[in-house]
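J.: Got a sequence here, can you model it:
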Amino acid sequence: MIKGVWFFAFLSLFLLLQSTASPSTRIILDGEDQFGFAEQAVESGDYLRAVGEFERFIYFFPDHVKVPQARLQIGICYLKAGDFEAARKVLDKLHRKYPENVLGGKALLLMGESYYRQGFYKEAEYHYGKVAETYPQPELKNNAIYRLGWCRMHTGSWRAASDTFGTVGPESFLYPASQDLIQKSLHGEMLPYKDPTKAGVLAAVLPGMGHAYCNRYRDALVSFLINGLFIWAALESFNNDREVLGSILVFAELGWYSGNIYSAVNSTHKYNRKLKEDFLRNLPDSLNLHLLATREGHLGLTLRLSF
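T.: You can find the predicted model right below:
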């Protein structure tokens, strides 16, 4: 009997201690802290972890005033991580939900940026143009115009690019860079491009000359030697009354000869493309995606979730 009383007393004391300790072990999740934690992941460059943290924030605090901003940040994180398709899916939903809001305009602008970073300049130009036409807010409009100028440089429309940079408003932080690019973009018209037709003609006259014209001297030597050996072997075959072998060698030489012309023309296009890319790489690009999703401070009431 006494043992039962002692057992009941110890059990009651244990349960009492557990009930008093449980409140201190509850995890309190704060909305602002969670959003800040996600932003820290962005600043550290861990973009995919940041996506997970922003999604956690949205899941636990669906009514928080920063939810739209979190969705925009998710799109930017995917964009910086190089997952352009995922970025466009998130940004397109955001744009459709807020089509007349600045947030929707930012989403549309970032969709254009996703195409731009993939090298799809026509698609990017369409989205930037739509932002410039639809959203009068200086921040959005000037960012879109600035990127339009870059798209036109990438497509070789140097004068159109120069005119576009000239329309960036003086109130924009991009204005000094745009003024600088008005003149620098025109230098693209003076780049020492190679003529593909000339390269093809030179390669037809003497195999290897087309490659030498593009400063590809090793390829020029290889092309000259291979074509020269086939021509020499074919002539020797005919001189020794080996017409069948000579015919086979002539047929093979025609393939090498045609390939030499095609390769020379293709080398010219590669040379011109690299020349343009190197020129553009040396121009300063002042667009900063982080400014599209800057911190806006603590908005509204702090939300808490206990579990």
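
J.: tell me, what residue is most central in the chain?
T.: Geometric centre of the chain, nearest residue: residue 117, 2.5 Å, by CA atoms, centre = their mean.

J.: secondary structure element for that residue?
T.: Using DSSP states H and E, residue 117 falls within helix 102-118.

J.: buried residues in the helix or strand immediately after that helix in the chain?
T.: The C-terminal neighbour of helix 102-118 among helices and strands, as given by DSSP H and E, is helix 121-134. Using 16 or more other CB atoms under 10 Å as the test for burial, helix 121-134 gives 121, 123-125, 127-132. All C-beta atoms are positioned from the backbone trio N, CA, C, and that covers glycine.

J.: Identify, from those, the entry nearest to residue 269.
T.: Distance to residue 269 across the buried residues of helix 121-134 (CB to CB) is lowest for residue 121, with 16.8 Å.

J.: So that closest one is in contact with residue 153, correct?
T.: No - in this structure, residue 121 is not within contact of residue 153 by CB atoms under 8 Å, at 9.3 Å.

J.: ok, and the closest non-adjacent residue to residue 50?
T.: Leaving aside its chain neighbours, residue 50 sits nearest to residue 41 (3.7 Å; criterion: CB to CB, 6 or more residues apart in numbering).

J.: Mind listing residues that contact the helix holding residue 117?
T.: Outside helix 102-118, the residues that touch it by CB atoms under 8 Å, 6 or more residues apart in numbering are 68-69, 72, 75-76, 79, 82, 84, 87-88, 91-92, 94-98, 121, 123-128, 130-131, 134-135, 137, 139-140, 143-144, 147, 150-151, 289, 292-293.

J.: and what of stretch 143-157?
T.: Taking contacts as CB under 8 Å, 6+ apart, the residues outside stretch 143-157 that touch it are 109, 112-113, 116, 119, 121-122, 124-125, 128-129, 131-132, 135, 158, 160-162, 164-165, 167-168, 172, 174, 177-178, 181, 185, 188, 276, 280, 283, 285-287, 292.

J.: and with 6 Å instead?
T.: 109, 121, 124-125, 128, 131-132, 160-161, 164-165, 167-168, 174, 178, 185 (CB atoms under 6 Å, 6 or more residues apart in numbering).
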